[in-house]
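Asks: Here is my input, please return the structure:
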Amino acid sequence: MRIHSKPLAFFYLALSMSLVGAYVALSKPLAATFPVLLLAWLRFGIGGVAMLGWIRRPAAEPPLPARAKGLLFLESFFGNFLFTLCMITGVSLTSAVTASVTMATIPAAIALLSWLVLKERISLRVMIAISLAVLGIVLLAFAKPEASAHPGAAASADPVRHGLGQLLLVGAVLCEAIYAVIGKKLTSSLSPKRIAALINLWGFVLTLPFGLYLAWHFDFAQVPLATWLLLVGYALAACMVTVWLWMTGLQVVPASQSAVFTVMLPLSTALVGVVFLGETLNGLQMLAFAIAVSSLALATLPLPQRGRGQTFLQRDPD
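Replies: This next block holds a predicted model:
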């Protein structure tokens, strides 16, 4: 399905990042139960079973050229394999606050890479929106009190571990930017369903040797039913739903403009914490939310036209 409505594409992009933020927040018990690479392998396996019908090439779609096959591998390697390793390990070595601050640079990283690789023109309006998104996420991160009982507190106290964790989080930011840019290239020749299924298949292959080894030494009998159900929901959201939504939105939205929608990831994570984990929002956090949401409004709402006397911002096609 190819969409042509920009408002609908904006909705898909926002919903995709919102779901990512939600499952990141709700997947903490999974990371505490399963080793990272075993969790990734199980995730790709469940997602692969769910998307078996999406792998076959439609009759109207031409065979994949070698370049597209290479891009699919890179999309999975950076966006699935390396991102998962860098993000989960980075958070475990630092803290959620550190991760939030580092993730605040994702919109800027995507916009910069879109300019360098895709040669997309970044308008003044989108640049301002990206700046507001970064500011909102940074404020949201610093507004969170980091309790000493936080699981990452002990790890954060070790400067070597913390430094390594910070580098891994920066790596996760770069992986997310590469994922967005390659995804934009793939949507020109492949359907979102095929992209989701094929990059998931590569993710399964990449994690297969690690998953098999860890599974051989893991006691699956100790995992409660509720955790298995959470794993299935996490896999379907991470491998299937969010990827399809994001790739569908990228069909009509420039990668640089889509960068602003990554602000929904930390916002969604924070909201899940408030609704399901009993956390509260203070005044600074509310201000951060307002700034972040204003970045979305600036990047997506059409500006009024004023004929020949309009300003540069009003001539902006984005």
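
Asks: which is the next helix or strand following whichever strand or helix holds residue 213?
Replies: Applying DSSP states H and E as the criterion places residue 213 in helix 192-216. Using DSSP H and E, the next helix or strand after helix 192-216 towards the C-terminus is helix 225-235.

Asks: May I have that following helix exported as CSV, CA atoms only?
Replies: Extracted in CSV, the C-alpha atoms of helix 225-235 (Å, rounded to 0.1, in the frame of the first residue of the first chain):
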residue,chain,number,x,y,z
LEU,A,225,3.7,-17.0,31.2
ALA,A,226,3.3,-13.2,31.6
THR,A,227,6.8,-12.7,30.4
TRP,A,228,6.2,-14.9,27.3
LEU,A,229,3.1,-12.9,26.5
LEU,A,230,5.1,-9.6,26.9
LEU,A,231,7.8,-11.0,24.6
VAL,A,232,5.3,-11.8,21.9
GLY,A,233,3.8,-8.3,22.1
TYR,A,234,7.2,-6.7,22.1
ALA,A,235,8.3,-8.8,19.1
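
Asks: and that helix, what does it pack onto?
Replies: Packing contacts for helix 225-235, counted by 3 or more C-beta pairs under 8 Å, 6 or more residues apart in numbering; DSSP states H and E, involve helix 6-26, helix 28-33, helix 36-50. In short, each C-beta sits where N, CA and C put it, glycine included.

Asks: Of all those, which one is nearest residue 111?
Replies: Nearest to residue 111 among the helices and strands packed on helix 225-235 is helix 6-26; the distance by C-beta to C-beta comes to 14.1 Å.

Asks: Kindly calculate the angle that that closest one makes with helix 192-216.
Replies: The directions of helix 6-26 and helix 192-216 differ by 10 degrees, with axes from the mean of the first three to the mean of the last three C-alpha atoms, to 10 degrees as the criterion.

Asks: Identify each buried residue in helix 6-26, please.
Replies: 9-26 (16 or more other C-beta atoms under 10 Å).

Asks: ok so, going back, the helix holding residue 213 vs helix 36-50, what angle?
Replies: Here the directions of helix 192-216 and helix 36-50 differ by 140 degrees (the same axes, to 10 degrees).

Asks: Check which helices and strands helix 192-216 sits against.
Replies: Helices and strands touching helix 192-216, by 3+ C-beta pairs under 8 Å, 6+ apart, are helix 36-50, helix 52-55, helix 66-76, helix 242-250.

Asks: Can you show me the CA trace of the longest one as PDB?
Replies: Yep, that's helix 36-50 we're talking about. The C-alpha trace of helix 36-50 is given here as PDB (Å, rounded to 0.1, in the frame of the first residue of the first chain):
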ATOM      1  CA  VAL A  36      20.400  -9.300  25.100                       C
ATOM      2  CA  LEU A  37      21.300 -11.400  22.100                       C
ATOM      3  CA  LEU A  38      18.900 -14.200  23.100                       C
ATOM      4  CA  LEU A  39      16.200 -11.600  23.400                       C
ATOM      5  CA  ALA A  40      17.000 -10.200  20.000                       C
ATOM      6  CA  TRP A  41      17.000 -13.600  18.400                       C
ATOM      7  CA  LEU A  42      13.700 -14.600  20.000                       C
ATOM      8  CA  ARG A  43      12.200 -11.200  18.900                       C
ATOM      9  CA  PHE A  44      13.300 -11.700  15.200                       C
ATOM     10  CA  GLY A  45      12.100 -15.300  15.300                       C
ATOM     11  CA  ILE A  46       8.600 -14.400  16.500                       C
ATOM     12  CA  GLY A  47       8.400 -11.500  14.100                       C
ATOM     13  CA  GLY A  48       9.500 -13.700  11.200                       C
ATOM     14  CA  VAL A  49       6.800 -16.200  11.900                       C
ATOM     15  CA  ALA A  50       4.200 -13.400  12.000                       C
END
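
Asks: any idea of the mean pLDDT in it?
Replies: Taken as a whole, helix 36-50 has an average pLDDT of 92.

Asks: what number of residues lie near residue 175?
Replies: Using other C-beta atoms under 10 Å, residue 175 has 23 neighbouring residues.

Asks: Tell me, how many residues neighbour the nearest residue to residue 128 once chain neighbours are set aside?
Replies: The shortest distance from residue 128 to any non-neighbouring residue, by C-beta to C-beta, 6 or more residues apart in numbering, is to residue 298 (6.2 Å). Using other C-beta under 10 Å, residue 298 is surrounded by 19 other residues.

Asks: By mean pLDDT, flag the weakest helix or strand of the protein.
Replies: helix 312-315 (a mean of 36; mean pLDDT, DSSP states H and E).

Asks: now residue 189, what's its secondary structure?
Replies: coil (DSSP: H, G, I helix; E, B strand; the rest coil).

Asks: measure it to residue 64 for me?
Replies: 8 Å (C-beta to C-beta, to the nearest Å).
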